[in-house]
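In: here is my input, please return the structure:
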Amino acid sequence: MNNIVISVIIPVYNSEKYIERSIKSVVNQSYKKLELIVVDDCSTDKTWSLIQGLKKKYNFKALKLEKNSGTPGKPRNVGITKSKGKLISFLDADDYWHKDKLQYQIKHFKKNHINCLNTEYFDIENNKAPIFIRLFRLFLINIFTILINYKKSMIFFFNPIILSSVLIEKSVFKKIIFSEKKNFAGIEDLYIWFKIISEKKFDILFLNKTFVYNFRGTHTLHRDYSLQSIRSINILSSLKLEGKIAASSSLIIFTTVIKLIRELIRIILSFLYKKKKSLVISIVIIYFFTFYSPLFHYIGKPLLYNNQHLKSFNNTELVVVNTNYGYDKYFNFGFSYRLKDLVKNKKYFLNKRILLLGSNKYIPQKLIIKGLLIESGYDTNNIFIVLESLKSKKEELEYIYNVSNINNLKNISYFTSPYNTRYTEIIYNNYYVNNYNLIIHKSNDWPEDDHQYFKRFSYKKMIISEYFNILRYKFLALSTHFFK
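Out: I've put the predicted structure just below:
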């Protein structure tokens, strides 16, 4: 046994389902200059008897602690003490290796580095992790390996080192050992890696080769992510207060927040993945009812308002056209509809003054409308493009009031998008109802009474926006009244 180079240490506790697979993955390695040390932490199932039987067959060291330590740190430390190799490799009892794992790793081994490999994850039903999670994790590992080698404390944001993939010099464990405290269980590796990279000035060498298979069983040490996160936060805070971690308070606080957010994201993604079939069905149903059902048609009905009548057409002294509103996807359709409103009612408005309102950035479209109106018979001297920047509905109605007051006009016809009419009526009634008569007309694109299924509905964004405008106005009005 004098030619031993690598000592492989497997800490074990109640792993009767997996221990044989783990041991076989070590003894069947193509690299043979190794010894295997299995340390049982007083298992209460058949694990120890299985180890004894496998020991007779494969001839490895099997040790059993006198009493349960409650943490994998103790068995690992015992295994390191009893080892003869110059290099140490760890393997959790529920994980296993590809037969060429050590051969490949020893070939690319670097001193003063924590040498580790990529890992394939399996759940309790032996299913691989989803491809997007595997790729995202691989991306994070590569990025954080670079970051940690540059700034050691970055390991608290994300630990890229998979214990069962590590190959490292035994000499580093002369002064640094795994914590044997029970409240470190599950995160004891994070603590020791930080001590090694910070005190020993080691870097991380990550090889993008998948030779380690990590199985997340029901009773595995790292199964409870939530408990790990809570323990990690508690330990980091304690170590900072004790002055054992040379990281800034802001870094510790930020790390704590990141871990909590990451845990929340993990829970959400895990739930979504488990419910993926229901999720897909739900998305299809939501998409259908959002885009191809009368749902938004009926939601938008309360936003529709008009007070037009035949007399209002004949008595009109000023026509105001708001060109700002159009379809969700085809915004310029709004200009086309407002043009049709005026052309359709030409017999009533031909000799009336016409104001074209709208954002200044749409002046070219308003010029087009003016040109088309002139072409259809309207007098160019009666068409006025408003250049003032009117940023709200109140400013718009205030402008109309000023024009009507200067020119002594009382009856004003108003055209806008159908779902903008209710908001217009609310502002008008609250501020200007005693100043002039605003007749809000049914526009050319006024919705029909019914909307068929499987017919796309295109006013969703506008409806949501108008409800938001009304709620915001009412909230501000209520706040103003409350704080008077």
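
In: need the strands for the stretch 301-450 of the chain, in chain order.
Out: Under the criterion DSSP state E, counting those that start in this stretch, the stretch 301-450 of the chain carries strands at the ranges 318-322, 353-357, 383-385, 411-415, 437-440.

In: ok, the first one: who's next to it in the sheet?
Out: In this case it means strand 318-322. Strand pairing for strand 318-322, determined by DSSP bridges: strand 353-357 (parallel), strand 411-415 (parallel).

In: again with the last one
Out: According to DSSP bridges, the neighbouring strands of strand 437-440, each with its direction, are strand 411-415 (parallel).

In: can you list the residues that contact the strand it pairs with?
Out: 308, 312-313, 315-322, 338, 341-342, 349, 352, 400, 404, 424, 436-441, 443 (Cβ atoms under 8 Å, 6 or more residues apart in numbering). Any C-beta I mention is one placed from the backbone N, CA and C, and that applies to glycine too.

In: residue ranges with poor pLDDT in this structure?
Out: Along the chain, segments meeting pLDDT under 70 span 1-2, 121-130, 183-186, 216-256, 258-259, 262-263, 310, 324-332, 481-484.

In: just give me the residue right at the centre of it.
Out: Ile265 (7.0 Å; Cα atoms, centre = their mean).

In: helix, strand or coil: sort out that residue for me.
Out: Classification of Ile265 by DSSP: H, G, I helix; E, B strand; the rest coil places it in helix.

In: please apply the same query to Leu54.
Out: Quick answer, by three-state DSSP: Leu54 is helix.

In: now His98. Nearest residue, chain neighbours left out?
Out: By the measure of Cβ to Cβ, 6 or more residues apart in numbering, the closest residue to His98 outside its immediate chain neighbours is Phe211, 4.1 Å from it.

In: who touches that neighbour in this structure?
Out: 97-98, 100-101, 104-105, 117-118, 165.

In: and these as a markdown table, adding distance to Leu409, neighbour count and secondary structure?
Out: What follows is these, written out as a markdown table (distance: Cβ to Cβ, whole Å; neighbours: other Cβ atoms under 10 Å; DSSP: H, G, I helix; E, B strand; the rest coil):
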| residue | distance to Leu409 | neighbour count | secondary structure |
| --- | --- | --- | --- |
| Trp97 | 88 | 23 | strand |
| His98 | 86 | 19 | coil |
| Asp100 | 90 | 14 | coil |
| Lys101 | 88 | 27 | helix |
| Tyr104 | 87 | 16 | helix |
| Gln105 | 88 | 25 | helix |
| Leu117 | 82 | 23 | strand |
| Asn118 | 77 | 19 | strand |
| Ser165 | 82 | 26 | helix |
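
In: closest one of the residues you listed to Leu50?
Out: Closest approach between the contacts of Phe211 and Leu50, by Cβ to Cβ: Trp97, at 18.7 Å.

In: who touches that closest one in this structure?
Out: Applying Cβ under 8 Å, 6+ apart, the residues near Trp97 are 25-26, 29, 91, 164, 211-213.

In: now, which of the residues you listed lie within helices?
Out: Among those, DSSP state H puts 25-26 in helices.

In: is it possible to export the contacts of Trp97 to TSV including distance to Ser270?
Out: As requested, the contacts of Trp97 are exported to TSV (distance: Cβ to Cβ, whole Å):
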residue	distance to Ser270
Ser25	27
Val26	31
Gln29	33
Leu91	26
Ser164	22
Phe211	26
Val212	22
Tyr213	20
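
In: nearest to Ser15 among the contacts of Trp97?
Out: Leu91 (11.4 Å).

In: give the burial count for the closest one, as a bare number.
Out: Per other Cβ atoms under 10 Å, the neighbour tally for Leu91 reads 24.

In: isn't it right up against Lys24?
Out: No. The pair Leu91 / Lys24 is not scored as a contact, 11.4 Å apart, by Cβ atoms under 8 Å.

In: for the spatially closest residue to Thr421 that is not a sequence neighbour, give me its contacts.
Out: Nearest residue to Thr421, sequence neighbours excluded (Cβ to Cβ, 6+ apart): Tyr305, at 4.3 Å. Residues in contact with Tyr305 (Cβ under 8 Å, 6+ apart) are 421-422, 424-425, 440.

In: quick check on Tyr305: phi, psi?
Out: Backbone torsions of Tyr305, given as degrees, to the nearest 10, read phi -150, psi 140.

In: buried members of the contacts of Tyr305 into ChimeraX, please.
Out: Only the buried entries of these go into this ChimeraX selection, using 16 or more other Cβ atoms under 10 Å:
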select :421,422,424,425,440
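
In: most widely separated two among the contacts of Tyr305?
Out: Using Cβ to Cβ, the pair of these lying farthest apart is Arg422 and Ile440, separated by 9.2 Å.

In: which stretches in the stretch 1-150 of the chain count as strands?
Out: With DSSP E, counting those that start in this stretch as the criterion, the stretch 1-150 of the chain has strands spanning 6-12, 34-40, 61-64, 87-90, 96-97, 113-122.

In: got these as TSV, with distance to Phe289 columns?
Out: Below are the strands of the stretch 1-150 of the chain laid out as TSV (distance: least, Cβ to Cβ, whole Å):
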stretch	distance to Phe289
strand 6-12	54
strand 34-40	58
strand 61-64	62
strand 87-90	53
strand 96-97	48
strand 113-122	37
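
In: deepest-packed of those, please.
Out: Among the strands of the stretch 1-150 of the chain, strand 6-12 has the highest mean neighbour count (mean count of other Cβ atoms under 10 Å), at a mean of 26.

In: counting contacts, what elements does that one pack onto?
Out: In terms of contacts (3 or more Cβ pairs under 8 Å, 6 or more residues apart in numbering; DSSP states H and E), strand 6-12 is packed against helix 19-27, strand 34-40, helix 73-82, strand 87-90, helix 101-107.
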